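Student: I would like to see how this sequence folds:
(one chain, ligands or ions: 1)
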Amino acid sequence: MDKHESEFTMIQSVLLDDENDTLIILDQTVLPNEKVFLHLKDMKDVWEAIYALKVRGAPAIGIAAAYGLYLGTKASKAADFDQLRQDFGKVKEYLACSRPTAVNLFWALNRMENRLLQEADRSVAEIKEALRQEAELIREEDAKVCESIGKHALTLLKENWGILTHCNAGTIATAKYGTALAPIYLGQEQGYSFKVYADETRPLLQGARLTAWELKEAGVDVTLICDNMSSIVMKEGKIQAVLVGCDRVAANGDTANKIGTSGVAVLAKHYGIPFYVCSPLSTIDLECKTGDDIHIELRPDAEVTTQWYEKPMAPEGVKVYNPAFDVTDHSLITAIVTENGIAYAPFEESLPKMFAQK
Ligand code: MRU
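Tutor: Residues are numbered from 1 along each chain as shown. This next block holds a predicted model:
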């Protein structure tokens, strides 16, 4: 048992069940009312879970996709490598359509493909086993990466600070620790007492349902606010730093994260509060030169017009615009914290250096 586990329970939302060869996920759509673990047994289950946000958060999506690619390939009847590679390609293409913005999805699928190619000389059964191991490695590495991000980010914070976060970049969005919430957990272990303010995060309430829930479970001092309250808490001097996660960071530092993040960044700039993005290297996409190259997911109108698909809260037939993410301009970002260190502007120069340290 490592030090963190001995001191408080860290909820894990994505686990591999070796015995039954399934992916176990914590269903994030029913939190905080119910704590339900689902066993995903094939690629369709995984696709649906990603699309429906049962598993969500960029790193957790990547882990799930990797495991879905293993499950889909395992079901192949291929007798040799060439056939297996074709079937693998179809599964990869299928999973790649589940969500467009978080680059971790594509990063994980490509990493699985590299492993497939490395194993070309082995039997079909051995290749399938290698893919299972690779998916597990992706999960294990993510926990270590998040812990390192937490250690670096913690150096930017001081005891008793008020920290604002948007959406959920916590332990349940990753293999463990989270990205933006990792320094909170590591700080708590070292006796820091932060006061975290969680934006509720309309329309799907990741802040209210997930961030407030997981921090409260861990005994962190967390206060829930509506999205339109971040200005007042900043103005009142309650916030000393903003910490957010991300779904894709472009080469110039422009960062896609949950819708509403860029507004928080504008406010932080106005009030002179540092705005930190916590990003695993797997979320940095140097192929995207700027945020304009990032595909922003549009989600169903009902997420905005109907509260959890029960009661309408808008007139029937009203026009809705529901982008799931927005792009925060690099000029609003104080630093990007990775597992290999902290990158400052100009990000075109500092981000590649983070990869070079690997
Ligand atoms: O639509 P979601 O809930 O998957 O959006 C998630 C976010 O925007 C998170 O902030 C991001 O993925 C980082 S998770 C460490």
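Student: was I right about residue 227 contacting residue 199?
Tutor: Yes. If you go by Cβ atoms under 8 Å, residue 227 and residue 199 touch, sitting 5.1 Å apart. Using the backbone N, CA and C atoms, a C-beta is placed for each residue, glycine as well.
Student: got the contact list for residue 328?
Tutor: Listed by Cβ atoms under 8 Å, 6 or more residues apart in numbering, the contact set of residue 328 reads 254-257, 261-262, 265, 275, 277, 291.
Student: try it again with 6 Å
Tutor: 255, 261-262, 265 (Cβ atoms under 6 Å, 6 or more residues apart in numbering).
Student: for residue 350, same thing?
Tutor: 343-344 are the contacts of residue 350 under Cβ under 6 Å, 6+ apart.
Student: which SSE is it in?
Tutor: Per DSSP states H and E: residue 350 is located in helix 347-356.
Student: what does residue 288 give?
Tutor: Counting by DSSP H and E, residue 288 is found in no helix or strand.
Student: do the lengthiest helix in the chain and the ligand meet at all?
Tutor: Ordering each helix of the chain by length in residues (DSSP state H) puts helix 124-154 first. No. Helix 124-154 lies apart from the ligand when judged by Cβ under 6 Å from any ligand atom; the minimum separation is 7.9 Å.
Student: check whatever residue of the stretch 251-358 of the chain ends up closest to the ligand and give its pLDDT.
Tutor: Using Cβ to the nearest ligand atom, residue 258 is the residue of the stretch 251-358 of the chain that sits closest to the ligand, at 3.3 Å. As predicted, residue 258 sits at a pLDDT of 98.
Student: with residue 307 instead?
Tutor: 72.
Student: next one: the one 10 residues further on
Tutor: We have a pLDDT of 95 for residue 317.
Student: neighbours around it, how many?
Tutor: Neighbourhood size, residue 317 [other Cβ atoms under 10 Å]: 8.
Student: contact partners for it?
Tutor: Residue 317 neighbours (Cβ under 6 Å, 6+ apart): none.
Student: quick check: residue 255 touching residue 277?
Tutor: Yes. Contact criterion Cβ atoms under 6 Å: residue 255 and residue 277 qualify, at 5.1 Å.
Student: hang on, the earlier thing: just list what the longest helix of the chain packs against, helices and strands only.
Tutor: helix 58-74, helix 103-118, helix 182-189, strand 335-338 (3 or more Cβ pairs under 6 Å, 6 or more residues apart in numbering; DSSP states H and E).
Student: buried stuff in that helix?
Tutor: 124, 127-128, 130-132, 134-136, 138-139, 141-143, 145-150, 152-154 (16 or more other Cβ atoms under 10 Å).
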